[in-house]
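next one to model:
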Amino acid sequence: MIFYFTKQHFLIIYKNGKKYAYFIGTDLRFYKVDYKHMEKVGYKVNWDFALETFRIRYKDLDEYLEKNKDFVNKFREKWKRKLLVLGFTGGKDSVVLALTLEKLGLKYIPVYSHIPYLAELLYFFTRDIYEKFDAKIIEVPKETVKDVLQKGPPYVKCPLRSLKMKAIRKFMKENRIPRKNLVTGERIYESPQRYEKLKDTEHNPIQFLTDPEVFLFALQNDALSKIYYINTRASCIPCPRASTVLWALGYENLMLFEPEGFELLDKALEKDYHKKEKYLEDVSKEQFKWLGLHRIRPIEIKKEIERIENLMEYAKEVKKKEIYSSLKEFIYNLKTFAKKSKPFSTL
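Predicted coordinates:
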């Protein structure tokens with residue numbers, strides 16, 4: 001079984017030889033539709049890329065480094081006499097990147113940006129990971145958090161990333177570390193767009209790992225945060241641009257951070273709703289939020305709603321627990337596979 005998020009943030013499931021998509025209908029109930037019907041109403045997914053994204057090709061991190069040694073050695077030679085700053089979230093990518101830098105003998109400082117109001121859930125579930133890697137925790141001022149969120153989407157394309165980078169760059173400036181010495185765990189196989197952007201660059205030594213591979217290597221090194229038992233897109237939890245499907249499953253119930261944090265996110269979305277109101281016709285604030293219409297360009301909103309309504313004709317209503325079940329199975333499979341010694345193909 002594999003899952004994959006499309007650009008529209010549907011949850012794609014490949015199970016028992018069949019492909020399905022979970023999504024929220026215009027009535028805000030959950031639906032499942034056979035994947036092949038998505039293309040009939042204009043939702044495209046590069047399935048070949050998705051399958052490649054979810055392959056496991058290496059039995060462990062050492063094998064990955066050995067089979068990509070030319071690229072890895074080039075990276076090591078470039079940075080062996082310099083101090084790197086690692087943007088450290090405690091998530092699977094930054095953990096595996098930290099493990100890799102250690103194996104390469106490179107000096108680095110893991111820096112975690114704690115975002116008031118929004119990061120308590122991540123911090124609660126990952127603090128043992130921060131301690132394991134001796135991460136330096138830097139605090140983002142509350143005033144800065146409010147300022148960024150109040151601008152709302154799409155004015156700040158990715159508000160959490162913006163906040164994290166503000167804090168890390170300030171840290172680097174104060175410690176006189178060049179900005180080019182920052183390394184993050186971005187990987188080619190995160191999305192087709194990222195693949196095209198990163199495939200010919202020298203970004204970081206783990207950029208060629210797939211999603212399950214970083215899960216696997218973190219598990220093997222006893223460094224996978226417990227947050228992944230709730231959400232496989234951990235760092236997106238507090239974001240107003242996060243996956244609509246997982247958001248609607250009940251982030252407001254899962255969140256352990258201050259109520260004001262969730263209120264700030266709602267206000268950011270409400271502001272965007274009013275900016276686009278003339279394009280929305282009879283769409284309510286609730287529909288705007290749960291359908292993820294804050295991600296859609298104003299002139300395309302009407303067409304997006306029509307596509308969802310058409311898709312509902314092919315779909316059947318499902319309970320939230322069916323989606324939870326699929327996500328839990330993904331984690332279970334990874335834990336099972338982590339015990340195997342041989343490489344294996346698609347989950």
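
helix or strand right after the worst-scoring helix or strand of the chain on mean pLDDT?
Taking mean pLDDT, DSSP states H and E as the measure, helix 251-254 is the helix or strand of the chain with the lowest mean score, a mean of 52. Note on helix 251-254: by DSSP states H and E, the next helix or strand toward the C-terminus is helix 259-275.

what about that next one, average pLDDT?
Mean per-residue pLDDT for helix 259-275: 79.

do the same with stretch 213-232
In this model, stretch 213-232 carries a mean pLDDT of 82.

list the buried residues in that stretch.
If you call a residue buried by 16 or more other CB atoms under 10 Å, then stretch 213-232 has these buried ones: 213-220, 223-225, 227-228, 230-232. From N, CA and C alone the C-beta is placed, and that goes for glycine too.

where in the stretch 51-200 of the chain is pLDDT low?
Within the stretch 51-200 of the chain, the segments meeting pLDDT under 70 span 118-125, 151-158.

all helices of it, in order?
61-67, 69-79, 92-103, 120-132, 142-151, 159-174, 192-198 (DSSP state H, counting those that start in this stretch).

highest mean neighbour count out of the ones you listed?
Highest mean neighbour count among those (mean count of other CB atoms under 10 Å): helix 92-103, with a mean of 23.

for that helix, packing partners?
Helix 92-103 sits against helix 61-67, strand 83-87, strand 107-114, helix 211-220, with contacts defined as 3 or more CB pairs under 8 Å, 6 or more residues apart in numbering; DSSP states H and E.

okay, the ones you listed in TSV with distance to residue 100 next?
Listed next are those as TSV, based on distance: least, CB to CB, whole Å:
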stretch	distance to residue 100
helix 61-67	7
strand 83-87	10
strand 107-114	10
helix 211-220	9
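
between those, which gets nearest to residue 13?
Each of the helices and strands packed on helix 92-103 was scored for nearness to residue 13 using CB to CB, and the closest is helix 211-220 (14.5 Å).

what's the angle between that closest one and helix 92-103?
Between helix 211-220 and helix 92-103, the angle comes out at 60 degrees (axes from the mean of the first three to the mean of the last three CA atoms, to 10 degrees).

what is helix 211-220 packed up against?
The contact analysis (3+ CB pairs under 8 Å, 6+ apart) places helix 211-220 against helix 61-67, helix 92-103, helix 320-337.

for the ones you listed, give me JSON lines that also has distance to residue 272.
Shown next, in JSON lines, are the helices and strands packed on helix 211-220 (distance: least, CB to CB, whole Å):
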{"stretch": "helix 61-67", "distance to residue 272": "41"}
{"stretch": "helix 92-103", "distance to residue 272": "28"}
{"stretch": "helix 320-337", "distance to residue 272": "26"}
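
circling back to that earlier point, which among the helices and strands packed on helix 92-103 is found nearest to residue 201?
When those are compared by CB to CB, strand 83-87 sits nearest residue 201, at 16.5 Å.

residues making contact with the closest one?
94, 97-98, 101, 106-111, 113, 164-165, 168, 171-172, 177, 181-185 (CB atoms under 8 Å, 6 or more residues apart in numbering).

same question for stretch 93-111.
61-62, 65, 72, 75-76, 79-80, 82-88, 129-130, 133-136, 138, 168, 171, 183-187, 204-206, 209, 214, 217-218, 221, 223-225.

what's the end-to-end length of that stretch?
14 Å (CA to CA, to the nearest Å).

same question for stretch 56-72.
Chord length of stretch 56-72, first to last residue, is 19 Å (CA to CA).

same thing with stretch 189-208?
Start-to-end span of stretch 189-208 (CA to CA) is 7 Å.

list of residues touching it?
7, 46, 49, 52-53, 64-65, 68, 71-72, 74-76, 78, 93, 96-97, 100-101, 104, 183-188, 209-211, 214.
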